[in-house]
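# Have a look; sequence and predicted model below, questions after that.
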Amino acid sequence: MGGNRRVWITLFAACALLIPNAAQGLFGSDSENPADHLLKNPVAVSRSCVSCHTIGQSGSTVGPNLNQVGNRRSSDWLRKWLRNPSAVKPGTAMPNFGLTEQEIESLVTDLSRARKTFDQQAIIAESPTPDEAGRRLFEVYDCYACHRIGQKGRYNGPDLTWVGKWQDMNWEAGWLADPDAHRPGTFMPNFKLSPGEIKALTAFLGTLKGQTHAEDKRWADPLYRSKPVKRGELIFEKLGCRGCHGERGTAGGFRNPNAAPNEMVPALADVSKKYSIDQVKQIILTSRHPRPLDPAGAPPPLVCPAWSGHFEDTELNDLIVYVMCLGPQHP
């Protein structure tokens, strides 16, 4: 009871401090792409794109790295994004600059040139193992522009440090083949990967089971000493929980085939209404399998893994505080 009382006291004192996660971190992988021309684009200069994005060897880490944006975004997508970012990704931090069509075309031309050519089949053929091929493909496709592993990469997409623990690789293969089929309107681009590339990438991702976790414990920074909700949020991000539950755990919406009641991963906005602190702790520490919609069918592939043994007690309490703060509190 004493432990629960401490969590509740912290919970009520801290929930008012809950703020959206700020994109922070080190630069993504350096690129040899011809992206330096973007630094000279008059529109990019006047709108100070480098205040949020990395271009060439310059810029910030708040938004995705733009050095290979032409590899992952079509000209049409870029036009839609620049016209109205919020229409493409509701809640995005990217402002609407009210660009003219001429300014948009200028940026689209230069952004589309920021790309890298490589021989995917040669990478697969020359790699000694499938997971090594996947690691190299992950780098040449510049997946670090949005994702993070250990201390490397960005926070715009789910942290993948633990993806091999929390993600079913058969599901992951389907996701890589067609992200929009699993989450309509997802920000994840469709790279039109070949079956061989998908096999290699899933082999690599399947090896990521927290080996670099201890390298990137941002919540241990003294800056967050009096901010348990923020510490919990950073732990939530590092474990990759948003990879299933959505940004800040409140979105949900990822398809989980044959999972009751609607084949979707639930959002966590009403956790505090449904579960007690002890129940949330039990869910976090032990594996939780969704109830199948059809008991005779294949089990749902997305399962909340057991995180027992991966936390200090204080970290577990912070994570619980954050999750319970996602929805209305108990009276």
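Sure thing, it's come through.
# Can you name the element that comes right after the one helix or strand Ala181 maps to?
Applying DSSP states H and E as the criterion places Ala181 in helix 179-182. Downstream of helix 179-182, the next assigned helix or strand under DSSP H and E is helix 195-205.
# for that following helix, packing partners?
helix 120-126, helix 130-140, helix 169-177 (3 or more Cβ pairs under 8 Å, 6 or more residues apart in numbering; DSSP states H and E). Where C-beta positions appear, they are placed from N, C-alpha and C, glycine not excepted.
# For the closest residue to Pro261 other than its chain neighbours, which residues are in contact?
Nearest non-adjacent residue to Pro261, counting by Cβ to Cβ, 6 or more residues apart in numbering: Leu293, 7.2 Å away. Residues counted as contacts of Leu293 (Cβ atoms under 8 Å, 6 or more residues apart in numbering) are Asn258, Ala259, Ala260, Pro261, Glu263.
# how about a cut-off of 7 Å?
Contacts for Leu293 (Cβ atoms under 7 Å, 6 or more residues apart in numbering) come out as Asn258, Ala259, Ala260, Glu263.
# Adding secondary structure, write those out as CSV.
Putting the contacts of Leu293 into CSV (DSSP: H, G, I helix; E, B strand; the rest coil) gives the following:
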residue, secondary structure
Asn258, coil
Ala259, strand
Ala260, coil
Glu263, coil
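# so where do the helices sit in the stretch 1-150 of the chain?
Secondary structure of the stretch 1-150 of the chain by DSSP state H, counting those that start in this stretch: the helices cover 2-14, 36-40, 42-46, 69-72, 75-83, 85-88, 101-113, 120-126, 130-140.
# So for Asn156, which of these sits nearest?
Of all the helices of the stretch 1-150 of the chain, helix 69-72 sits nearest to Asn156, with 11.9 Å by Cβ to Cβ.
# How about residues contacting the closest one?
Leu111, Ser112, Arg113, Ala114, Arg115, Lys116, Tyr141, Asp142, Pro189, Phe191.
# Which among those residues count as buried?
Leu111, Ala114, Arg115, Lys116, Tyr141, Asp142, Pro189, Phe191 (16 or more other Cβ atoms under 10 Å).
# quick one: least confident helix or strand in the chain?
None of the helices or strands of the chain scores lower by mean pLDDT, DSSP states H and E than helix 2-14, at a mean of 49.
# quick one: which of the contacts of Leu293 is most hemmed in?
Within those, Ala259 tops the neighbour count with 21 neighbours, counted by other Cβ atoms under 10 Å.
# Hmm, Ala298 and it touching each other?
No - proximity of Ala259 to Ala298 does not meet the contact threshold set by Cβ atoms under 7 Å, at 10.7 Å.
# okay if I get the helices and strands packed on helix 195-205 as JSON lines plus distance to Trp219?
Below are these laid out as JSON lines (distance: least, Cβ to Cβ, whole Å):
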{"stretch": "helix 120-126", "distance to Trp219": "36"}
{"stretch": "helix 130-140", "distance to Trp219": "26"}
{"stretch": "helix 169-177", "distance to Trp219": "27"}
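# hang on, the earlier thing: adding distance to Val280, write the helices of the stretch 1-150 of the chain out as a markdown table.
Listed next are these as a markdown table, based on distance: least, Cβ to Cβ, whole Å:
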| stretch | distance to Val280 |
| --- | --- |
| helix 2-14 | 9 |
| helix 36-40 | 45 |
| helix 42-46 | 45 |
| helix 69-72 | 36 |
| helix 75-83 | 37 |
| helix 85-88 | 32 |
| helix 101-113 | 43 |
| helix 120-126 | 43 |
| helix 130-140 | 33 |
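# Please identify which of those is closest to Pro184.
Between the helices of the stretch 1-150 of the chain, helix 85-88 lies closest to Pro184; by Cβ to Cβ that is 12.6 Å.
# Below-threshold pLDDT in the stretch 1-150 of the chain: ranges please.
The stretch 1-150 of the chain contains residues with pLDDT under 70 at 1-34.
# swap the cut-off to 50 and go again
Residue ranges of the stretch 1-150 of the chain with pLDDT under 50: 1, 8-32.
# Check the offset of stretch 70-79 from the chain's centre.
Stretch 70-79 sits 20 Å away from the centroid of its parent chain (Cα atoms, centre = their mean, to the nearest Å).
# actually stretch 130-138, not the one I typed
19 Å.
# low-scoring stretches of the stretch 151-300 of the chain, by residue?
For the stretch 151-300 of the chain (pLDDT under 50), the answer is none.
# quick one: the helices in it?
According to DSSP H, counting those that start in this stretch, the helices that the stretch 151-300 of the chain contains are 163-166, 169-177, 179-182, 195-205, 228-238, 242-245, 271-274, 277-285.
# This completes my enquiry, with thanks.
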